[in-house]
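>>> I need the structure of the sequence given here:
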Amino acid sequence: MVQVVIAARGGRKAKSRCADALDGHDRAGLVCVMLEDMLDAVARCAAVAQAWVVTPTAELAGIAAERGAKVVRQARPSGLNPALLQAVTEISEHAPYAPILMLPGDLPLLEPDDLAAAALLVRTHAVVLASALDGGTGLLALRAGANLPPAFGSDSFWRHAMAAERRGLSVGLLATNSLSRDVDRPEDLIGVCEAGPDSRTAIFLRKRLQPRIRS
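Modelled structure (predicted):
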């Protein structure tokens, strides 16, 4: 059984690269529905012992708690990687022998089967990585005792892989649609609507992007 942590930051300043398509209020709402979709997927994965959400945002903490996730509250926004480091420290104290799957909070198409595949692969590899379409990292999983600081961001997939190699850690690679489709740019919004039309995120976006996309 694995522990899953999602890092998410909400508010009107969230997802600023989507500002041409959504105003601050709608971007804050977008982060909320993406987290709901992700937590629903995590809850449907039998390999997950516990979901965690690390966030500085009270509204997101409330969403997480309502869905049974444990909340790691940040005193202030500190960026994705420091947030995940904070969460990993707390999770390791709670479940020191469990693998940890780390996810950014912008994967609304997340599928339980892909999480299960990562949970299976981390049994035989110290590190498991899934690439985002833009070369970033959709998932970073660490077996208990594996020391690899998260370095999510531009081109982070290969940076994670090379860092693991330098540390002598075995790496398993996952190629999945749901872990590759992060939401960073306006074109990603339309992609979510097309790829996951029944998700909360797609329903939310269709109401706000019309007439740019069709129902």
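
>>> helices and strands around the helix ranked longest in the chain, which ones?
Ranked by residue count, the top helix of the chain under DSSP state H comes out as helix 24-43. On a contact count with 3 or more CB pairs under 8 Å, 6 or more residues apart in numbering; DSSP states H and E, helix 24-43 meets strand 2-7, strand 48-55, helix 58-66, helix 112-121, helix 200-209. Quick note: C-beta positions are derived from backbone N, CA and C, even for glycine.

>>> now, of those, which is deepest in the fold?
Greatest average neighbour count among the helices and strands packed on helix 24-43 goes to strand 2-7 (a mean of 26), per mean count of other CB atoms under 10 Å.

>>> ok now the longest helix of the chain, how far from the chain's centre?
Distance of helix 24-43 from the chain centroid (CA atoms, centre = their mean, to the nearest Å) equals 11 Å.

>>> Please report the distance of Ser16 from Arg9.
Using CB to CB, to the nearest Å, we find Ser16 at a distance of 11 Å from Arg9.

>>> which one of the two has more residues nearby?
Arg9 (20 against 10; other CB atoms under 10 Å).

>>> The more buried one contacts Pro77, doesn't it?
Yes. Counting by CB atoms under 8 Å, Arg9 does reach Pro77; the two are 5.5 Å apart.

>>> quick one: common contacting residues for the two?
Pro56 (CB atoms under 8 Å, 6 or more residues apart in numbering).

>>> Among the helices and strands packed on helix 24-43, single out whichever gets nearest to Asn147.
Evaluated over the helices and strands packed on helix 24-43, closeness to Asn147 peaks at strand 2-7, with 16.4 Å, by CB to CB.
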